[in-house]
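1. The sequence and its predicted three-dimensional model are supplied below.
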Amino acid sequence: METPEDRRWDINAVDEKEIYREARDFLSTVIAVENDNRSKAVNWLQFRDGNQWPQDLYNSRELDGRLMITINHCDTLLTRVENSIKQQRPRIKAHPVADADVNKAKLINGLTRHIEAVSQAPVAYDAGASSALSIGWGYWRIVPEYLNERSFDQELKIKPIENTFTVYRDPMSVLPDGSDSMRYLISEKMTRIKFRQQYPDAENVEFIDGGQGDDDANWESRYEIRLAEYFRIVEKPERLFKMVDGTTKFESEFAPGVLKVALADADRHGFATEYLKGRQVAVERKSATRQVQWFRLSGSRVIDRRNLPGKWIPIIAVEGCKLNINGEKKRHGAIKNMTEPCRLFNYSETMKMEKIALSPKAAWVAAAGQIEQHPEWFDANTKAYSALVYDPVVVNGQTLPPPQREAPSQVEAGWAEMSQSYEHMIMAIAGQPHEPEQDAQGQVVSGVALKQRRALADDSHYHYYDNVTLSIAFTGRILVDLYPHYYDGARLQRIIQEDGTPEMVQLNQRMPDGSIKNDMSVGEYDIIMDTGPGYDTKRQEGFEGMVSLLGTPLGEEIAKVGADLIVRNADFAGADQLADRLVPLNADGMAQVIKELPEQAQSIIGSMQKQAQVLQAKVQQLEADLKYGLTKSMHEQATKLQIENLRDHRAEADTHTDAFVRTEDTHTKAQTAIAVAEINKAGTLLDTHVKGRQDEAARRDELAAAERAEKAAPAES
């Protein structure tokens with residue numbers, strides 16, 4: 001049956017007395033819901049700190065003075081996981097969604113990096129992640145601070161919450177980052193001097209309520225007082241109207257008496273027909289406005305209150321493991337499943353050492369008469385002597401050997417195997433089932449195998465890393481939502497570029513034309529997470545894969561079409577700037593960059609590209625004309641030169657021909673003269689020869705005639 005007490009929760013408290021009671025009731029509800037989780041979490045933290053023996057067993061063994069060995073595998077293995085998360089810490093990156101561009105997003109990202117730097121945000125992230133890893137949940141928060149004592153400008157800071165148990169979260173919250181939480185309460189310490197300075201009229205009464213882990217008796221002291229911060233989101237029902245021009249307005253945003261919507265004339269689609277100040281209301285629906293409220297509580301009343309800007313309570317949760325069993329939420333971290341194997345290992349090591357300690361010291365075996373005169377032998381098994389003197393003993397003419405030490409007692413092999421088994425059990429439950437040094441001596445393990453082992457360990461804890469990523473992303477959404485409220489005036493602001501270099505920019509600068517440059521109140525952004533540095537990140541693995549492809553036959557083509565993508569995935573300062581300079585070398589990359597620019601910039605670039613194309617066509621035509629004209633001129637010149645060369649060759653040929661003809665004529669004449677002379681000479685010789693033969697014949701005739709005459713003469717005589 002519903003009671004008046006139940007109905008009281010149907011509305012939000014208004015006056016301070018009711019608000020104080022509401023906060024106390026909320027705290028009591030959270031303590032009742034989380035009492036079991038908190039009690040176990042306190043024990044888990046003590047276990048990680050080294051208190052790994054059950055209290056009853058610890059008391060009994062301490063009373064008897066018995067040995068209790070604690071080898072803290074738990075803290076070592078959790079520290080290893082924490083360091084792995086630190087090496088892969090994600091980074092906040094805003095992408096423009098509406099009324100924003102890439103350059104504005106770069107400004108937002110630079111401001112976020114500045115806030116993380118001045119806040120030492122990794123301290124907050126790591127504290128929350130460590131708590132989630134240990135007990136199952138952790139927190140950090142965002143607070144505004146004035147730049148200095150003389151400034152009205154505020155700056156957002158990311159602050160750690162060191163003691164997780166001081167935060168009481170809305171038990172109805174489901175999301176791991178707490179973004180759906182409607183209420184939070186945080187207990188805090190404040191020095192009594194500061195309390196009197198800020199609240200001189202408030203009673204010096206401490207807020208004493210608290211749950212497990214937050215009920216320290218040392219809270220109240222002479223110097224400090226315990227207070228509480230109570231956050232709540234108040235939702236006020238509203239009617240939301242959409243105008244035909246696309247704008248929307250809540251009913252409360254209209255001037256009184258102006259809103260007149262002809263709902264009676266609305267058709268079945270919900271469209272009205274009446275105009276409102278020249279604009280027609282298109283449709284309406286039920287909605288609600290959210291207001292974040294903050295209160296500071298002492299032990300007796302509300303001592304401070306204010307409305308906070310933004311849509312969310314600026315507290316960020318991070319979760320470890322969560323189970324919902326019959327509606328009851330069970331949270332735990334990595335310590336829970338490590339407690340039993342760690343205790344078994346400590347038990348086995350303690351029992352093994354007790355057995356060794358209780359075993360008698362190895363004694364000396366000596367013959368009678370060898371050591372009676374030397375008392376140092378009687379404690380030689382517990383003290384170290386530089387020399388032990390004994391008396392030789394002779395039996396039956398044989399000198400007996402000197403005293404000998406007995407073999408020490410041995411620990412059974414089962415003890416060592418048991419300890420080793422428990423240690424392997426711890427490693428397996430911790431998600432690190434195989435250590436590289438556990439390989440057999442001399443066995444070679446490939447780098448691929450080592451990577452696979454490391455990947456297996458990372459996979460075992462990836463849900464912790466993923467939840468931290470979700471929480472840091474929620475941090476980015478809160479920051480972007482608060483920027484228009486805390487960075488609303490004209491101011492010179494430092495931002496940090498991706499490579500870590502600082503830059504000063506002017507925010508909300510009014511230009512001569514009336515526009516506002518770097519207007520922080522305009523623009524919507526979506527938050528994505530960019531992995532940080534580390535060899536095991538997918539970004540570096542992708543870069544390695546790209547670089548390895550460059551050594552393949554496809555490397556030359558890949559370098560031509562995707563050089564900017566390869567460089568952009570490299571993890572060194574200036575990689576993005578270098579990639580930006582490579583983009584114009586690739587037509588597809590340049591087209592993609594132009595698509596990401598604002599429409600006005602795209603129009604300007606499109607116009608410039610058309611002009612460039614016209615100019616390029618003219619240049620090509622001029623080049624063709626020049627090339628054609630130059631070719632024609634060169635051809636004519638070459639023809640003339642060829643004709644002149646032909647003429648020269650012809651003249652030269654004629655000269656050579658004339659000279660040859662003259663030479664031939666001279667030679668012919670000379671040969672002819674020689675021939676004529678030879679003919680004449682030959683004729684003369686022939687004539688001489690003929691005449692000689694004629695003369696010889698005449699002489700022969702004369703001789704013959706003489707002979708005949710001579711013969712005839714005697715006959716006559």
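-> Here it is on my side, so go on.
2. For the stretch 451-600 of the chain, just list every one of the strands.
-> 491-496, 502-507, 509-510, 516-517, 524-530 (DSSP state E, counting those that start in this stretch).
3. What is the third one packed up against?
-> The one in question is strand 509-510. Packing contacts for strand 509-510, counted by 3 or more CB pairs under 8 Å, 6 or more residues apart in numbering; DSSP states H and E, involve strand 516-517. The way it works is simple: take the backbone N, C-alpha and C, and place the C-beta from them, glycine included.
4. Also the first one?
-> Packed against strand 491-496 by the contact rule (3+ CB pairs under 8 Å, 6+ apart) you find helix 102-119, strand 502-507.
5. about what we covered before: make TSV from the strands of the stretch 451-600 of the chain and add mean neighbour count, mean pLDDT and distance to Leu63 to it.
-> Putting the strands of the stretch 451-600 of the chain into TSV (neighbours: other CB atoms under 10 Å; pLDDT from 0 to 100; distance: least, CB to CB, whole Å) gives the following:
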stretch	mean neighbour count	mean pLDDT	distance to Leu63
strand 491-496	16	92	59
strand 502-507	13	92	62
strand 509-510	13	89	75
strand 516-517	13	88	76
strand 524-530	16	85	54
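6. Looking at the ones you listed, which is nearest to Phe26?
-> strand 524-530 (29.3 Å; CB to CB).
7. of all the helices and strands packed on strand 491-496, which lies closest to Met418?
-> Comparing these by CB to CB, helix 102-119 comes nearest, at 48.6 Å.
8. Name the residues that touch that closest one?
-> 91-96, 121-122, 155-159, 476, 479-480, 483, 487, 493-498, 502-503, 505, 518, 523, 525, 596-597 (CB atoms under 8 Å, 6 or more residues apart in numbering).
9. Same check on stretch 516-530?
-> Taking CB under 8 Å, 6+ apart as the rule, stretch 516-530 contacts 90-100, 104-105, 107-108, 469, 472-473, 476-477, 480, 483-484, 487-488, 505-511.
10. Tell me, how many residues neighbour Arg24?
-> 16 (other CB atoms under 10 Å).
11. Distance-wise, check it relative to Glu224.
-> Remark: distance between Arg24 and Glu224 (CB to CB, to the nearest Å) = 21 Å.
12. wait, what's in contact with Thr501?
-> By CB under 8 Å, 6+ apart, Thr501 has no neighbours at all.
13. swap that for Ser471, sorry
-> 128, 176-178, 316-318.
14. same question, Leu147
-> So Leu147 contacts 153-155 (CB under 8 Å, 6+ apart).
15. which among those end up buried?
-> 154-155 (16 or more other CB atoms under 10 Å).
16. Please identify which of the contacts of Leu147 is nearest to Lys336.
-> Using CB to CB, those come closest to Lys336 at Glu155, 39.5 Å.
17. Surely that closest one forms part of a strand?
-> Yes - remark: Glu155 belongs to a strand, assigned using DSSP: H, G, I helix; E, B strand; the rest coil.
18. Report the separation between it and Val567.
-> From Glu155 to Val567 the distance is 35 Å (CB to CB).
19. for Ala705, same thing?
-> 136 Å.
20. Those two: who's more crowded?
-> Higher neighbour count among Ala705 and Val567: Val567, with 21 against 10, using other CB under 10 Å.
21. thought that one was touching Leu578?
-> Yes - assessed by CB atoms under 8 Å, Val567 is found in contact with Leu578 at 5.1 Å.
22. before we move on, the earlier item: which of the contacts of helix 102-119 are buried?
-> Applying 16+ other CB under 10 Å to those flags 91-94, 96, 121-122, 155-159, 476, 479-480, 483, 487, 493, 495-498, 518, 523, 525 as buried.
23. who touches Lys311 in this structure?
-> Taking CB under 8 Å, 6+ apart, one finds 290, 292, 481 in contact with Lys311.
24. Next, it: phi, psi?
-> phi -100, psi -20 (degrees, to the nearest 10).
25. Assign a three-state SS to Gly310, would you?
-> coil.
26. Then Ser287?
-> Under the three-state scheme (three-state DSSP), Ser287 adopts strand.
27. Kindly state the beta-bridge partners for it.
-> Beta-bridge partners for Ser287, by DSSP bridges, are Glu238.
28. element containing Leu344?
-> helix 339-358 (DSSP states H and E).
29. Now do the buried residues in that helix.
-> 339, 341-352.
30. again with stretch 229-247
-> By 16+ other CB under 10 Å, the buried positions in stretch 229-247 come out as 229-234, 238, 240-242.
31. mind checking how far Pro171 is from Ala32?
-> Taken as CB to CB, the span from Pro171 to Ala32 is 9 Å.
32. Which one of the two is surrounded by more residues?
-> Remark: of Pro171 and Ala32, Pro171 carries more neighbours, 14 against 11, as counted by other CB under 10 Å.
33. out of everything not next to it in sequence, what's closest to that one?
-> Using CB to CB, 6 or more residues apart in numbering and skipping the chain neighbours, the partner closest in space to Pro171 is Val33 (4.4 Å).
34. do you know how far the one you found is from Tyr486?
-> Val33 is 34 Å from Tyr486, by CB to CB.
35. Before we go further, Leu703 is sitting in a helix, right?
-> Yes - residue state for Leu703 (three-state DSSP) corresponds to a helix.
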